[in-house]
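*Asks:* generate coordinates for the sequence data below:
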Amino acid sequence: MRLSRTARIVLGCVTAAGLAVVYAPLLLVLLNSFNADRSFGWPPSGLTGEWWRAALHNDGARDALFTSLKAGLAATGIALVLGTMAAYAVHRHRFFGRRTVSFLLVLPIALPGIVSGIALNAAFRTVLDPFGIGFGLFTVVVGHATFCVVVVFNNVAARLRRISPSMAEASADLGARPWQTFRHVTFPAMRSALFAGALLAFALSFDEIVVTTFTAGPGTRTLPIWIYENLARPHQAPVVNVVAALLIALSVVPVAIAQRLSSDTAGGRL
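*Replies:* Numbering: from 1, shown residues only. Got it, this is the predicted structure:
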């Protein structure tokens, strides 16, 4: 159906307005990270890189960044293993309760973060406290892995649906064992989906704050939590803007790469 010129203009204006609402605040954060005025007067009186140097030498921000990187990488690693195994089991085998398992795997991403955080907090207190294990980086990683698994599972499952089962059958007919078929046929076909799922999982973990609030210990601060704690401190406001700008960049890049990988047609050609 061909839209009229008026309809195209209206849709274009609505789309532009929606994008402006979403991205204008992000651009403002980036601009304020270079604003020479500590109180962020508008328009900026000048541009400076002083706040970026201050953020670079801020021990709290640097430690929080390393904590977020460690938590994101660990949660992504766990999600890659569990998500791939679950997707392969659900979409390559038939067993009782297969649909229920698939539903339970996807459910955590649909639950409100505060509900997941409270549930994880209660579970950790019940299960880990008797063993003397307190809240810290380990509990943060486990909490993040619960929803990162969903991202990897969905990406791998979508790719497996695009891979023709006849390829595995042909490999078996040629004498390949199941592990050889997976290594030489299935894995190369879903490699880009794994990488895209890993990038999305890392981005999701890196900027998570709700679940982290309920699973982190007193001495564990990720970058989002550090930003939240310092947001109301006037002397830290310029540094917070720099850290927020860095957080935006570190979140956008993996998502952009993952989208590009997910849109490739390699799986479709199979």
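*Asks:* helices or strands up against the helix or strand harbouring F103?
*Replies:* When elements are assigned from DSSP states H and E, F103 belongs to helix 98-110. Helix 98-110 is packed against helix 59-92, helix 137-162, with contacts defined by 3 or more C-beta pairs under 8 Å, 6 or more residues apart in numbering; DSSP states H and E. Quick note: C-beta positions are derived from backbone N, CA and C, even for glycine.
*Asks:* the helices in the stretch 101-250 of the chain, which residues?
*Replies:* Per DSSP state H, counting those that start in this stretch, the stretch 101-250 of the chain carries helices over the ranges 113-127, 137-162, 165-173, 178-181, 187-206, 210-215, 223-230, 237-262.
*Asks:* hang on, the earlier thing: now the helix holding F103: buried residues?
*Replies:* Using 16 or more other C-beta atoms under 10 Å as the test for burial, helix 98-110 gives 102, 105, 108-109.
*Asks:* give me the low-pLDDT residue ranges for the stretch 1-150 of the chain?
*Replies:* Residue ranges of the stretch 1-150 of the chain with pLDDT under 70: 1-3, 38-41.
*Asks:* for G60, see how far away the closest residue to A216 other than its chain neighbours is.
*Replies:* The spatially closest residue to A216, leaving aside those adjacent along the chain, is V140, at 5.2 Å (C-beta to C-beta, 6 or more residues apart in numbering). Separation of V140 from G60 (C-beta to C-beta, to the nearest Å) stands at 17 Å.
*Asks:* neighbour count for those two, which is higher?
*Replies:* V140 (29 against 14; other C-beta atoms under 10 Å).
*Asks:* ok, the more buried one to L120 distance?
*Replies:* As for V140, its distance to L120 is 10 Å (criterion: C-beta to C-beta).
*Asks:* so what sits against both of these two?
*Replies:* Common contacts of V140 and L120 (C-beta atoms under 8 Å, 6 or more residues apart in numbering): T215.
*Asks:* pretty sure V152 contacts G197?
*Replies:* Yes: in this structure, V152 is within contact of G197 by C-beta atoms under 8 Å, at 3.9 Å.
*Asks:* which one's more surrounded, the two?
*Replies:* Counted by other C-beta under 10 Å, V152 and G197 do not tie: G197 has more neighbours, with 32 against 28.
*Asks:* quick one: contacts for the more buried one?
*Replies:* For G197, the contacting residues are 79-80, 83, 151-156, 258, by C-beta under 8 Å, 6+ apart.
*Asks:* still on that earlier bit, do you know which of the helices of the stretch 101-250 of the chain lies nearest Y88?
*Replies:* Counting by C-beta to C-beta, Y88 lies closest to helix 137-162 out of these; the figure is 6.9 Å.
*Asks:* so which elements touch the closest one?
*Replies:* By 3+ C-beta pairs under 8 Å, 6+ apart, helix 137-162 packs against helix 59-92, helix 98-110, helix 113-127, helix 187-206, helix 210-215, helix 266-269.
*Asks:* closest to T215 among the contacts of G197?
*Replies:* Of all the contacts of G197, A79 has the smallest distance to T215: 15.7 Å, by C-beta to C-beta.
*Asks:* which one is that closest one nearest to, not counting chain neighbours?
*Replies:* C148 (3.7 Å).
*Asks:* what count of nearby residues applies to the closest residue to L56 other than its chain neighbours?
*Replies:* Counting by C-beta to C-beta, 6+ apart, L56 lies nearest to R62, which is 7.6 Å off, once chain neighbours are set aside. When neighbours are counted by other C-beta under 10 Å, R62 registers 15.
*Asks:* repeat that for G49.
*Replies:* If we define neighbours as other C-beta under 10 Å, then G49 has 12 of them.
*Asks:* one step back: figure out how far the helix holding F103 is from the centre of its chain.
*Replies:* 18 Å (C-alpha atoms, centre = their mean, to the nearest Å).
*Asks:* now swap in stretch 91-102 and tell me
*Replies:* Relative to its chain's centre, stretch 91-102 lies at 26 Å (C-alpha atoms, centre = their mean).
*Asks:* can I get that stretch in PDB, CA atoms only?
*Replies:* Coordinates of the C-alpha atoms in stretch 91-102 are reproduced here as PDB (Å, rounded to 0.1, in the frame of the first residue of the first chain):
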ATOM      1  CA  HIS A  91      15.300 -26.800  19.500                       C
ATOM      2  CA  ARG A  92      17.100 -30.000  18.500                       C
ATOM      3  CA  HIS A  93      15.400 -32.600  20.800                       C
ATOM      4  CA  ARG A  94      11.800 -33.500  21.700                       C
ATOM      5  CA  PHE A  95      11.100 -34.200  25.300                       C
ATOM      6  CA  PHE A  96       8.200 -33.900  27.800                       C
ATOM      7  CA  GLY A  97       7.900 -30.300  29.100                       C
ATOM      8  CA  ARG A  98       9.900 -28.800  26.300                       C
ATOM      9  CA  ARG A  99       7.600 -25.800  25.900                       C
ATOM     10  CA  THR A 100       7.500 -25.200  29.600                       C
ATOM     11  CA  VAL A 101      11.300 -25.200  29.800                       C
ATOM     12  CA  SER A 102      11.400 -22.700  26.900                       C
END
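*Asks:* thanks again, I'm all set now.
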